[in-house]
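*Asks:* Sequence first, then the predicted structure, then my questions.
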Amino acid sequence: MRLVLGPRAASQSRSGGNLVVDPEVKPERPFCSNLGMMRFFTRLALPACLIALCAPPGLPVNVQAHMTPPDFHAADAQGQTYRLSDVIGKKVVLLAFMTTWCGDCRPELHEMSDYYEAHKSDVIVLGVDTQESTSKVKAFIDQMRLTFPVLSDADGSITQLYNVKGWPTNFIIGYDGKVFTRINKIADLNGLISRALETRPK
């Protein structure tokens, strides 16, 4: 008798204690072979790539440092329209997502307003108020004596586009058009802006 090893050891025999492999029985190709792995991951990756390529614009983006921020346009409380791409590259941009009822926003907005007045040649501050009426925003601006533009995101689309989940949320964008940092409460505004100014072309 001899022992024949196939893919499932279907035919077995023993001959003098020697182990014999039947040459006509082909072993199964392991799944983890290079070819098998390539085919498997191609099937997974291709649909994902197609989804990414065909995804419509305006979907929320988890905007983080070193990313190019999504472009948008919106009007401020006085009716002047601003487009982000029009100011990027000319100055450091501070996007401040806020609401009138956000208690933590108030001290930051005061500091931003003072900083903006002192550094207008290098920095532009754009507030983005989320889902509130223009009249309420105007009253808030007057009460706080804010000097920088506060854009109205009445339908929340810009806030959703930037995947903002809480307030305050701030984005500092360098001269290179990339997000320098994303931060909630700013502890050292002057230090952050100073480092972002280093992205200015030499």
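*Replies:* Yes, it's here.
*Asks:* For residue 140, list the residues it contacts.
*Replies:* With contact taken as Cβ atoms under 8 Å, 6 or more residues apart in numbering, residue 140 is in contact with 100, 129, 146, 150. Every C-beta, even on glycine, is put in place using the N, C-alpha and C of the backbone.
*Asks:* quick one: which of those is nearest to residue 111?
*Replies:* Of all the contacts of residue 140, residue 146 has the smallest distance to residue 111: 11.1 Å, by Cβ to Cβ.
*Asks:* can you pull the contacts of the closest one?
*Replies:* 109, 113, 127, 140.
*Asks:* go on, residue 96?
*Replies:* Residues near residue 96 by Cβ under 8 Å, 6+ apart: 105, 108-109, 112, 125-128, 168, 170.
*Asks:* Tell me the helices and strands packed up against the host helix or strand of residue 196.
*Replies:* Element membership of residue 196 [criterion: DSSP states H and E] is helix 189-196. Judged by 3 or more Cβ pairs under 8 Å, 6 or more residues apart in numbering; DSSP states H and E, helix 189-196 is in contact with strand 92-98, helix 105-118, strand 169-173, strand 179-183.
*Asks:* nearest spatial neighbour of residue 200, skipping sequence neighbours?
*Replies:* Distances taken as Cβ to Cβ, 6 or more residues apart in numbering put residue 175 closest to residue 200, at 4.7 Å, once the chain neighbours are dropped.
*Asks:* confidence score at the nearest residue to residue 63 once chain neighbours are set aside?
*Replies:* Excluding the flanking residues, the one nearest residue 63 by Cβ to Cβ, 6+ apart is residue 162, at 5.2 Å. At residue 162, the pLDDT value in this model is 96.
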